[in-house]
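Enquirer: from the sequence below, what's the structure:
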Amino acid sequence: MLSGRAMRRHLASMGVPAQKVVRKQASGDYVADFFIPQMEQPIAPAREWAQRIRATVPQAQIKNTHDTVAEWRPGKPVIYATVTFTVQGEIER
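Expert: Residues are numbered from 1 along each chain as shown. Sure thing, here's the model as predicted:
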């Protein structure tokens, strides 16, 4: 089981640029956060990041996704996306 930092590095090496990944000690779940610093630019919604995680880590099971939407901005862009997932078995590197 990789630490959150190690999972972030693994995802980044495979083209999934999470800004932060933590591993919940009690459950073993990973929580990956996606955003652009200062949240000036929109990002892809969490469901798209979840698909990219599944493509990168086939053993991943997505448990939850959440988007923070800037309702006050034109077009109501996603500015922060969170994906919660667990990994069954070993990760192939």
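Enquirer: which parts of this structure are strands?
Expert: For the chain, the strands defined by DSSP state E occupy 20-23, 30-35, 60-69, 78-87.
Enquirer: tell me which strands the first one pairs with, and in which orientation.
Expert: In this case it means strand 20-23. When pairing is defined by DSSP bridges, strand 20-23 lines up against strand 30-35 (antiparallel).
Enquirer: ok, residue 89 touching residue 61?
Expert: No - Residue 89 is not in contact with residue 61 according to C-beta atoms under 8 Å; the separation is 10.7 Å. C-beta: built from backbone N, CA, C; applies to glycine.
Enquirer: neighbour count: those two, which is higher?
Expert: The neighbour comparison of residue 89 against residue 61 (other C-beta atoms under 10 Å) goes to residue 61, with 12 against 8.
Enquirer: pull the contacting residues for the more buried one.
Expert: 85, 86, 87, 88 (C-beta atoms under 8 Å, 6 or more residues apart in numbering).
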